[in-house]
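Colleague: dropping a prediction and its sequence here:
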Amino acid sequence: MRIERVSDDQFTIFLTFDDLVERGFTKEDLWHDASSVQSLFSDMMYEASSELGFELEGMLLVQVHMMQAQGMHVIVTQKFEDIDWDEDFIEMKVTLDESNELIFSFLDFEDVIQAASSLSNHAIEGGQVYFMDHRYYMLLNDDDLDHKNKEDMIAVMSEYSIPSIITSYRLREYGKVIFEANAVKQIIHTFYDRK
């Protein structure tokens, strides 16, 4: 679990699916077991407040973005209301949202080429490629996958890369664009069609 303070009243938590498994949860638990979710979020809030020195009080707005292969990105915003809260009471409003993006991280561009070749064999041509912090990233959304089974595509990508918890917003803002659209098609054309 990675925790980062964003501002005086907001912090983010990144949990991989391995983090969830260590805590005894599955992805399905998050959608179907409300009491377990409440317990998980309460534990995470107190861990974060302890690590960041963040005083938890009042209402917490918790936005949870499920990232297909990566885990989840939790954004916590503390709202101070003119309400006389009981000192030991914290109200959480939780919003669950499943991302329709897959983001994978590569150490070497040669691995990006190999992944593109495998994706091309599955009739996938889309995607975007970025470079940031000495790594390459490939972003695929639902339209790029063209109704293919996501779990199968995650398995294909995992041969060449690792799932990333970087958000697409961060990639677009701080990353250098290598291929803005149709990345797989362009990589195949550039590195295979000319041979």
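Modeller: Ah, there it is.
Colleague: so what are the domain limits for this structure?
Modeller: If you go by automatic domain parsing, the domain ranges for the chain are 2-98, 101-191.
Colleague: mean confidence score for the shortest one?
Modeller: For domain 101-191, the mean pLDDT works out to 90.
Colleague: thinking again about what came up before, need the domains of the chain in CSV with mean neighbour count, can you?
Modeller: Yep, even glycine has a C-beta here, placed from its N, CA and C like the rest. Formatted as CSV, the domains of the chain follow (neighbours: other Cβ atoms under 10 Å):
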stretch, mean neighbour count
domain 2-98, 15
domain 101-191, 17
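Colleague: how about the helices in the protein?
Modeller: 17-22, 27-32, 34-52, 109-121, 142-145, 150-158, 168-174, 183-191 (DSSP state H).
Colleague: tell me who's in contact with the closest residue to residue 19 other than its chain neighbours.
Modeller: Distances taken as Cβ to Cβ, 6 or more residues apart in numbering place residue 1 nearest to residue 19, at 5.0 Å, with adjacent residues excluded. Neighbour list for residue 1: 13-15, 19, 44, 47 [criterion: Cβ atoms under 8 Å, 6 or more residues apart in numbering].
Colleague: pick out the most distant pair among the residues you listed.
Modeller: Greatest spatial distance among those (Cβ to Cβ): 14 and 47, at 12.7 Å.
Colleague: for the helices of the chain, give me TSV that also has distance to residue 101.
Modeller: Below are the helices of the chain laid out as TSV (distance: least, Cβ to Cβ, whole Å):
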stretch	distance to residue 101
helix 17-22	16
helix 27-32	16
helix 34-52	22
helix 109-121	15
helix 142-145	8
helix 150-158	11
helix 168-174	6
helix 183-191	13
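Colleague: out of the ones you listed, which comes closest to residue 8?
Modeller: That would be helix 34-52 among those, by Cβ to Cβ, at 10.8 Å.
Colleague: does residue 77 really touch residue 60, like I thought?
Modeller: Yes. Counting by Cβ atoms under 8 Å, residue 77 touches residue 60, with 7.2 Å between them.
Colleague: would you mind measuring from residue 123 to residue 5?
Modeller: 44 Å (Cβ to Cβ, to the nearest Å).
Colleague: if you could redo that for residue 107, that was the one I meant.
Modeller: 29 Å.
Colleague: what's the answer for residue 105, then?
Modeller: Note on residue 105: its distance to residue 5, by Cβ to Cβ, is 24 Å.
Colleague: what do you get for residue 70?
Modeller: Look at residue 70 and residue 5: by Cβ to Cβ, they are 21 Å apart.
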